[in-house]
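Novice: Whatever this is, show me its structure:
(2 chains)
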Amino acid sequence: DQQVKQNSPSLSVQEGRISILNCDYTNSMFDYFLWYKKYPAEGPTFLISISSIKDKNEDGRFTVFLNKSAKHLSLHIVPSQPGDSAVYFCAASVRGAQKLVFGQGTRLTINP
Amino acid sequence: GAVVSQHPSRVICKSGTSVKIECRSLDFQATTMFWYRQFPKQSLMLMATSNEGSKATYEQGVEKDKFLINHASLTLSTLTVTSAHPEDSSFYICSAAYVNSNQPQHFGDGTRLSIL
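Specialist: All right, here's what the predicted structure looks like:
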């Protein structure tokens, strides 16, 4: 049972444009969501998170949106840069439990 | 920021060998460490949660006698894959967290394990 789903295995975006990565979840108990970025042969690096009491969190070029009714979150990167090319994982947890459930990842490629 | 070091980064060994992977938190005390496994093009799957000084909690379907976890100090956890077989070949990643902290988990760079 995949509780966190990233239905797009890959995404290609032109440099300077907006990248939008999507994530859906099924467990209504999740109340804390994170995005991680991963380069090949490296561990995931934390990017941005959002608590369920918010619907938006912004950090520089990265913004995460949460739609609780739809059980959907998205990561917006604008403007996209070549260094953003990586695999992006969304993850969810019940706050305080620390146990993370990851989606399958989306490979983002930024084209010059 | 916080750094988690994982060693070795790559292991190639014969079937039947036991392999130990170390996970160290370098600049903070990690009361909890997590071990994940990732198959190609798939998600990170949590294998077990280890708390310093106590037994690890394994996820359903993970053999505790196969994957031995030790968390003897606040900066070190080890995962030993015992009598490894080719189906154990995978990418293993650890992460560390401080209990009751609002900080996200910090991940090591992973270990690519290949069993011949």
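Novice: going forward, measure contacts between C-alpha atoms and count neighbours the same way
Specialist: Fine.
Novice: now check stretch B:54-71, is it near chain A?
Specialist: No: counting by Cα under 8 Å from any Cα of the partner chain, chain A is not contacted by stretch B:54-71; separation bottoms out at 10.7 Å.
Novice: how about that stretch: buried residues?
Specialist: When neighbours are counted by 16 or more other Cα atoms under 10 Å in any protein chain shown, the buried residues of stretch B:54-71 are found to be B:56, B:58, B:67-71.
Novice: Likewise for stretch A:48-67?
Specialist: Applying a neighbour-count criterion of 16+ other Cα under 10 Å, the buried positions in stretch A:48-67 are A:48-52, A:56, A:62-66.
Novice: Kindly report the same for stretch A:8-20.
Specialist: For stretch A:8-20, using 16+ other Cα under 10 Å, the buried residues are A:13, A:15, A:19-20.
Novice: contact partners of that stretch?
Specialist: Residues outside stretch A:8-20 that contact it (Cα atoms under 8 Å, 6 or more residues apart in numbering or on different chains) are A:22, A:74-82, A:104-112.
Novice: How about stretch B:44-54?
Specialist: Under Cα under 8 Å, 6+ apart, the answer for stretch B:44-54 is A:100-104, B:30-38, B:56-59, B:62, B:69-74, B:77.
Novice: rerun at 7 Å
Specialist: For stretch B:44-54, the surrounding residues in contact (Cα atoms under 7 Å, 6 or more residues apart in numbering or on different chains) are A:102, B:31-38, B:56-59, B:62, B:71-74.
Novice: residues from chain B in reach of chain A?
Specialist: For chain B, the residues in contact with chain A (Cα under 7 Å from any Cα of the partner chain) are B:42-44, B:93, B:100, B:107-110.
Novice: okay, among those residues, which ones form the most distant pair?
Specialist: Of all pairs drawn from the residues of chain B next to chain A, the widest gap by Cα to Cα lies between B:42 and B:100 and measures 29.1 Å.
Novice: what ranges of chain A fall below the confidence cut-off?
Specialist: When the per-residue scores of chain A are filtered using pLDDT under 70, the ranges that remain are A:1, A:96-97.
Novice: Please, where are all the strands along it?
Specialist: All strands of chain A, identified by DSSP state E, fall at A:4-5, A:10-14, A:19-25, A:32-38, A:45-51, A:56-59, A:62-67, A:72-77, A:86-93, A:101-102, A:106-111.
Novice: packing partners for the last one?
Specialist: When contacts are defined as 3 or more Cα pairs under 7 Å, 6 or more residues apart in numbering or on different chains; DSSP states H and E, strand A:106-111 sits against strand A:10-14, strand A:86-93.
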